[in-house]
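>>> with the input below, show me the fold.
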Amino acid sequence: MSDRNRCKVCDVVRRYDIESPIGEYATVDEYLVARWSGAARGEAVGYRTLTGWINKRILREAYDDAALSYPGSRITDDYETLQGDDELARQELLEYLDANGVDATRVVSDFVSWSTVRHHLKDCLNAKKPDQSASTDWEQESVDTAVEQTAEKTERALRALANKGRIRDGKAATIRVRVELECPECQVRVPFDEAFQRGYVCEEHAPQPAEEDHAEPASGGGAG
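Below is the predicted model of the structure:
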């Protein structure tokens, strides 16, 4: 692959020397395609799962370089803190990492987005799934795409407003975009991801799941 065709995923894989965790795949790209297509572990995963995997590997490699231990679920916990909404916890973790030899600002800036992983698979690697079945989570991926695009457009607008002095600290602001769904009956609000996982927005006012009709068909024969 020429440098002209490289994307951010290509760069961070090379910078952090990320390798395939499974020996049967010679490169991490082969592993990513196999997981996305379903060839690895028997079940296809989406872009968001692969995005989290790559970013956690970035964090792990950065910890290794700084000789910082990560027992148990620390990598996952720290990643969720760095990506979460608790700004105080996030800032405390950033300061802790900086004090312990991890260039936290660089690491976070190296995290890849969902849309970048999609670009890497489809454009850099020309990967294709063998069967696009109705069971894929294309609906969730469509919402994720809209969120990514909104965040990117907002970031560009903030930079422009900061340059004009309209929002002086706009460049330093953290952009949080999420889709919320509201029950029309009681105005309960939940994030889209939560509704997607549990299958409803409001349990009280959601229609009941359709039950299969187990009634036996009527007999076609009449009385003799």
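
>>> so what does the lowest-mean-pLDDT helix or strand in the chain touch, helix or strand wise?
Ranking every helix and strand in the chain by mean pLDDT, DSSP states H and E puts helix 138-163 at the bottom, with a mean of 80. Judged by 3 or more Cβ pairs under 8 Å, 6 or more residues apart in numbering; DSSP states H and E, the packing partners of helix 138-163 are helix 47-65, helix 114-119, helix 192-198. For every residue, glycine as well, the C-beta is placed using N, CA and C.

>>> grab the most central residue of this structure for me.
Nearest to the geometric centre of the chain sits residue 48, at 2.9 Å (Cα atoms, centre = their mean).

>>> residue 139: which of the helices and strands packed on helix 138-163 is closest?
Nearest to residue 139 among those is helix 192-198 (8.1 Å), distances taken as Cβ to Cβ.

>>> tabulate the helices and strands packed on helix 138-163 in JSON lines, adding columns for distance to residue 40 and mean pLDDT.
Converted to JSON lines, the helices and strands packed on helix 138-163 look like this (distance: least, Cβ to Cβ, whole Å; pLDDT from 0 to 100):
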{"stretch": "helix 47-65", "distance to residue 40": "11", "mean pLDDT": "94"}
{"stretch": "helix 114-119", "distance to residue 40": "16", "mean pLDDT": "89"}
{"stretch": "helix 192-198", "distance to residue 40": "24", "mean pLDDT": "85"}
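
>>> got a list of what residue 111 touches?
55, 58, 82, 83 (Cβ atoms under 8 Å, 6 or more residues apart in numbering).

>>> for ChimeraX, what selects the buried ones among those residues?
Burial among the contacts of residue 111 is assessed by 16 or more other Cβ atoms under 10 Å; the matching ChimeraX selection reads:
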select :55,58,82
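
>>> need the max-distance pair from the contacts of residue 111.
58 and 83 (12.1 Å).

>>> spit out the contact partners of residue 176.
residue 85.

>>> for it, pull up the helix or strand it's in.
Per DSSP states H and E: residue 176 is located in neither a helix nor a strand.

>>> please report how far it lies from residue 186.
Distance from residue 176 to residue 186, counting by Cβ to Cβ, to the nearest Å: 25 Å.

>>> now swap in residue 68 and tell me
Taking Cβ to Cβ, one finds residue 68 at 47 Å from residue 186.

>>> okay, these two: which has more neighbours?
residue 68 (17 against 10; other Cβ atoms under 10 Å).

>>> what's near enough to touch that one?
97, 100, 101, 102.

>>> can you put these in CSV and add secondary structure, distance to residue 150 and pLDDT?
Shown next, in CSV, are the contacts of residue 68 (DSSP: H, G, I helix; E, B strand; the rest coil; distance: Cβ to Cβ, whole Å; pLDDT from 0 to 100):
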residue, secondary structure, distance to residue 150, pLDDT
97, helix, 29, 97
100, coil, 35, 97
101, coil, 36, 96
102, coil, 30, 96
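
>>> and those residues, which two are the farthest apart?
97 and 101 (8.1 Å).

>>> nice, that's everything, thank you.
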